[in-house]
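[1] Predicted structure and sequence below. I'll ask about it afterward.
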Amino acid sequence: MSIRDFTCPSCGEPLPIPKNSKGHVKCPSCRKELVIEGLVKNAEVAEKENIAFGIPLSASSAKVHAELLYALSKELYVPLDVLDEMEVVREECHCVPAYCFECEGTGSFTYEEGSERKETVYHKGRSTGEKTHIDWRTIKDEVQFTETVFVSGEKNFGDRIANTYMQLSGDNLSRQLVDFEDLEYPSDVKTYKYDLPQTTAFNDYVKPRAEAHIKSKVENILKSKQHARNLNFGGNRIDKEVKRLFLGLYGIFFTYKGQGYSVWQTGSGDAYCYDKLPLDEQRKKKHEDLKAALKAIPENNTALLVFFLIVCLIGAAISHFGASSILWAGIFLACSGLLALRLPFTFKKGKARDEKRAEAKENLDKFEQEWLNIVKKRKEEMKALHGIYERFSGVEEAFDFDIDKVLTV
């Protein structure tokens with residue numbers, strides 16, 4: 001049986017939960033009438049709030065394990081023994097009431113755009129060349145945007161939904177929605193009521209996101225301009241259509257060295273967030289010291305010195321054979337001589353710098369690779385985390401994550 005299978009508390013036999021049971025089930029073995037509180041509350045909230053659809057808890061426990069392992073693997077500063085010493089103590093299924101904001105709008109802005117104009121420069125009545133002049137004009141414009149945003153309707157889950165569902169494509173999430181009549185949640189699901197008003201949800205989560213979206217689009221427009229300045233944002237118009245729905249959220253709880261931690265995943269297991277994870281302060285400091293040590297070693301500037309030497313030699317040749325005075329030829333030759341004298345010392349110093357930088361880079365790579373090697377070994381051996389997921393050792397789905405995306409420093 002899976003972790004989420006339900007058994008009859010009276011006779012202990014497996015208890016299937018029919019669709020639309022609304023929490024009232026009869027055991028097929030002992031015929032006892034049972035009331036499953038989580039599903040009863042789920043049905044009550046759906047009816048009261050007119051919820052017609054939602055995203056189910058569809059990820060298998062094996063996939064949840066894989067995402068948990070991936071989440072831990074992405075953190076460079078967790079203790080190196082965390083995968084061996086931690087114990088997963090429980091997996092919770094949550095049904096979070098939420099809002100789906102389907103937004104369309106515009107954002108206005110003004111800026112000054114410059115166009116280049118060439119002017120002839122005169123001195124004592126004679127032309128001495130051209131000067132570039134920039135003429136500025138004020139431009140008024142607006143950008144359009146459309147976006148679908150899922151926001152928690154329960155205060156305590158606001159940031160968790162924002163850091164999981166809001167990080168995914170709203171259009172893709174819309175395709176995952178299931179009609180409430182076909183929406184199945186486990187019998188142990190925990191359902192919550194709306195306690196975050198729609199206006200507050202919009203102002204706290206959707207509006208800042210829309211404004212950031214508008215700002216990004218405007219800044220990209222200005223990047224394409226050769227001359228632009230004095231950007232000012234005007235008002236934004238955001239039209240929205242709001243629907244109420246349920247969002248499934250997994251809570252995975254584990255212990256490490258006597259401390260409790262939690263990781264939260266979407267119903268499909270495609271995104272996660274965490275309240276906190278074990279942190280090795282010494283590893284963090286060592287990594288920062290290694291990066292600082294590499295940054296402190298100057299780049300080898302031998303190539304730059306050679307470049308200046310070549311420029312000086314070319315300058316001397318042009319001055320000698322061209323119309324320039326012999327004085328400039330002498331200056332260029334003198335500079336070339338000084339650079340040539342310095343070149344052997346620069347080569348020697350540059351070589352020493354290259355060796356130091358290579359050593360510092362090797363130490364940094366070795367530090368970062370240490371954690372990656374532990375993750376790779378775990379994935380290759382398919383050794384499950386201790387606790388409720390131990391039976392997934394050797395199960396390929398429980399280790400199905402992209403190892404190339406594990407460590408991105």
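    Perfect, I can see it now.
[2] where does the stretch 101-250 of the chain dip in pLDDT?
    Along the stretch 101-250 of the chain, no part satisfies pLDDT under 70.
[3] go on, the stretch 251-400 of the chain?
    Ranges of the stretch 251-400 of the chain meeting pLDDT under 70: 299-353.
[4] Would you map the strands across it?
    259-266, 272-276, 386-387 (DSSP state E, counting those that start in this stretch).
[5] So for Leu364, which of those strands sits nearest?
    Among the strands of the stretch 251-400 of the chain, the nearest to Leu364 by CB to CB is strand 272-276 (26.0 Å). Yep, even glycine has a C-beta here, placed from its N, CA and C like the rest.
[6] Convert the closest one to PDB, retaining C-alpha atoms only.
    The C-alpha trace of strand 272-276 is given here as PDB (Å, rounded to 0.1, in the frame of the first residue of the first chain):
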ATOM      1  CA  TYR A 272       9.100  23.400  -4.200                       C
ATOM      2  CA  CYS A 273       9.900  25.800  -1.500                       C
ATOM      3  CA  TYR A 274      11.100  25.400   2.100                       C
ATOM      4  CA  ASP A 275      10.800  27.200   5.400                       C
ATOM      5  CA  LYS A 276      14.400  26.500   6.300                       C
END
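[7] now it against strand 259-266, angle please.
    Interaxial angle of strand 272-276 relative to strand 259-266 (axes from the mean of the first three to the mean of the last three CA atoms, to 10 degrees): 160 degrees.
[8] Take the strands of the stretch 251-400 of the chain and write them to TSV, including distance to Arg244 and mean neighbour count.
    Conversion of the strands of the stretch 251-400 of the chain to TSV gives the following (distance: least, CB to CB, whole Å; neighbours: other CB atoms under 10 Å):
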stretch	distance to Arg244	mean neighbour count
strand 259-266	18	19
strand 272-276	23	16
strand 386-387	36	16
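[9] would you turn the ones you listed into JSON lines with distance to Cys8?
    JSON lines is the format used below for the strands of the stretch 251-400 of the chain (distance: least, CB to CB, whole Å):
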{"stretch": "strand 259-266", "distance to Cys8": "29"}
{"stretch": "strand 272-276", "distance to Cys8": "33"}
{"stretch": "strand 386-387", "distance to Cys8": "26"}
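[10] Quick one, which of those strands gets closest to Ala228.
    Going by CB to CB, the one of these nearest Ala228 is strand 272-276, 37.4 Å.
[11] Each with direction, which strands does that closest one pair with?
    Paired neighbours of strand 272-276 in the sheet (DSSP bridges): strand 259-266 (antiparallel).
[12] Alpha carbons only: can I get the partner strand in CSV?
    What follows is strand 259-266 as a C-alpha-only set of coordinates in CSV (Å, rounded to 0.1, in the frame of the first residue of the first chain):
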residue,chain,number,x,y,z
GLN,A,259,15.9,19.8,14.6
GLY,A,260,12.8,19.8,12.4
TYR,A,261,12.5,21.0,8.8
SER,A,262,9.9,21.2,6.1
VAL,A,263,9.8,21.3,2.3
TRP,A,264,6.6,22.2,0.4
GLN,A,265,5.7,20.9,-3.1
THR,A,266,3.0,21.6,-5.7
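[13] Distance from the chain centre to it, please.
    Relative to its chain's centre, strand 259-266 lies at 18 Å (CA atoms, centre = their mean, to the nearest Å).
[14] thought Val89 was touching Phe254?
    Yes. Look at Val89 against Phe254 with CB atoms under 8 Å: they come within range, at 6.1 Å.
[15] Helices of the stretch 51-200 of the chain, start to end?
    In the stretch 51-200 of the chain, the segments counted as helices under DSSP state H, counting those that start in this stretch are 61-73, 82-85, 158-162, 170-176, 198-201.
[16] Name the surrounding residues that touch the first one.
    By CB atoms under 8 Å, 6 or more residues apart in numbering, the residues outside helix 61-73 that reach it are 2-4, 59, 78, 82-83, 86, 88, 91, 250, 252, 254, 263, 265, 269-270, 272, 274, 277, 371, 375, 378-379, 384-385, 389, 392, 395, 397-401, 406-407.
[17] Restricted to buried residues, select those residues in PyMOL.
    In PyMOL syntax, the buried subset of the contacts of helix 61-73 is picked out as below (16 or more other CB atoms under 10 Å):
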select buried, resi 59+78+82+83+86+88+91+250+252+254+263+265+269+270+272+274+277+371+375+378+379+384+385+389+392+395+398+399+401+406
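[18] which element is Val45 on?
    helix 37-48 (DSSP states H and E).
[19] can you tell me which residues contact Asn232?
    Listed by CB under 8 Å, 6+ apart, the contact partners of Asn232 are 109-111.
[20] So which bits of stretch 67-86 are buried?
    For stretch 67-86, by 16+ other CB under 10 Å, it's 67-79, 82-83, 86.
[21] Give me the distance between that stretch and the centre of its chain.
    On CA atoms, centre = their mean, the centre of stretch 67-86 falls 18 Å from the chain's centre.
[22] so how far is the first residue of that stretch from its last?
    16 Å (CA to CA, to the nearest Å).
[23] Kindly report the same for stretch 82-91.
    Termini of stretch 82-91 sit 19 Å apart (CA to CA).
[24] What lies in contact with that stretch?
    The contact list for stretch 82-91 (CB under 8 Å, 6+ apart) reads 3, 61, 64-65, 68-69, 72, 79, 250-257, 261, 278, 374-375, 378, 385-389.
[25] now do stretch 38-48
    With CB under 8 Å, 6+ apart as the test, stretch 38-48 has contacts from 17, 21-24, 51, 95, 97, 180, 185-194, 246.
[26] before we move on, the earlier item: quick one: closest of the strands of the stretch 251-400 of the chain to Lys131.
    Distance to Lys131, taken as CB to CB, is lowest for strand 272-276 among the strands of the stretch 251-400 of the chain, at 56.5 Å.
[27] okay, the angle between the closest one and helix 61-73?
    Strand 272-276 runs at 60 degrees relative to helix 61-73, counting by the same axes, to 10 degrees.
[28] Touching strand 272-276 from outside, list them.
    Contacts of strand 272-276 (CB under 8 Å, 6+ apart): 67-68, 70-71, 159-160, 163-164, 261-266.
[29] Which pair in the residues you listed has the greatest spatial separation?
    So, the contacts of strand 272-276 by CB to CB: farthest apart are Tyr70 and Asp159, at 20.5 Å.
[30] on that earlier part again, quick one: which of the contacts of Asn232 is most hemmed in?
    Within those, most neighbours by other CB atoms under 10 Å means Phe109, with 22 neighbours.
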